[in-house]
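Student: What follows is a predicted protein model with its sequence.
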Amino acid sequence: MTTPETMNSGPGWYEVIHPRNATTCIAYVQENGDLYLPEGDDLTPEEFAFAATRGNAHRLVRADEQPPAPAAPEATP
């Protein structure tokens, strides 16, 4: 299960804001840290690391992987 601490880390699909041209691209981070770039190899591993460090790499998760939202507190009259 994905937790807030692991939301943007580890292997999986990411949407990345490209550091050179401010466009977005999709990357898959493999278990060994290698990148798979289905749209071509315009993004280097160093650029991905730079974008991730700056908070510009966002892990893509399925809705069913999200932890349940906490229940809203009941209103008291």
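Tutor: Nice, I can see it.
Student: going forward, measure contacts between C-alpha atoms and count neighbours the same way
Tutor: Noted.
Student: Gly12 versus the residue nearest to the spatial centre of the chain, what's the distance?
Tutor: The chain has Arg59 as the residue nearest its centroid, 1.6 Å off, counting by CA atoms, centre = their mean. Distance, Arg59 to Gly12, using CA to CA, to the nearest Å: 7 Å.
Student: cool, Ala63 as well?
Tutor: With CA to CA as the criterion, Ala63 and Gly12 are 14 Å apart.
Student: Please identify which of the two sits among more neighbours.
Tutor: Comparing Ala63 with Gly12 by other CA atoms under 10 Å, the one with more neighbours is Gly12, at 15 against 7.
Student: List the residues that contact Pro38.
Tutor: Applying CA atoms under 8 Å, 6 or more residues apart in numbering to Pro38 gives the contacts Ile26, Ala27.
Student: Next: the one 5 residues further on.
Tutor: For Leu43, the residues meeting the contact criterion (CA under 8 Å, 6+ apart) are His18, Leu37.
Student: Helix, strand, or coil at it?
Tutor: Three-state assignment for Leu43 (DSSP: H, G, I helix; E, B strand; the rest coil): coil.
Student: how close does it get to Arg62?
Tutor: Counting by CA to CA, the gap from Leu43 to Arg62 is 24 Å.
Student: do the same with Leu37
Tutor: Counting by CA to CA, the gap from Leu37 to Arg62 is 19 Å.
Student: Of these two, which one has the most company?
Tutor: Leu37 (16 against 7).
Student: which residue packs closest to that one, ignoring adjacent ones?
Tutor: Ala27 (4.9 Å; CA to CA, 6 or more residues apart in numbering).
Student: you'd agree the one you found is up against Pro11?
Tutor: No. Using CA atoms under 8 Å, Ala27 is not in contact with Pro11; the gap is 10.2 Å.
Student: quick one, which of the two is more surrounded?
Tutor: Per other CA under 10 Å, whichever of Ala27 and Pro11 has more neighbours is Ala27, with 24 against 15.
Student: how about the more buried one, what does it touch?
Tutor: Trp13, Tyr14, Glu15, Val16, Leu35, Tyr36, Leu37, Pro38.
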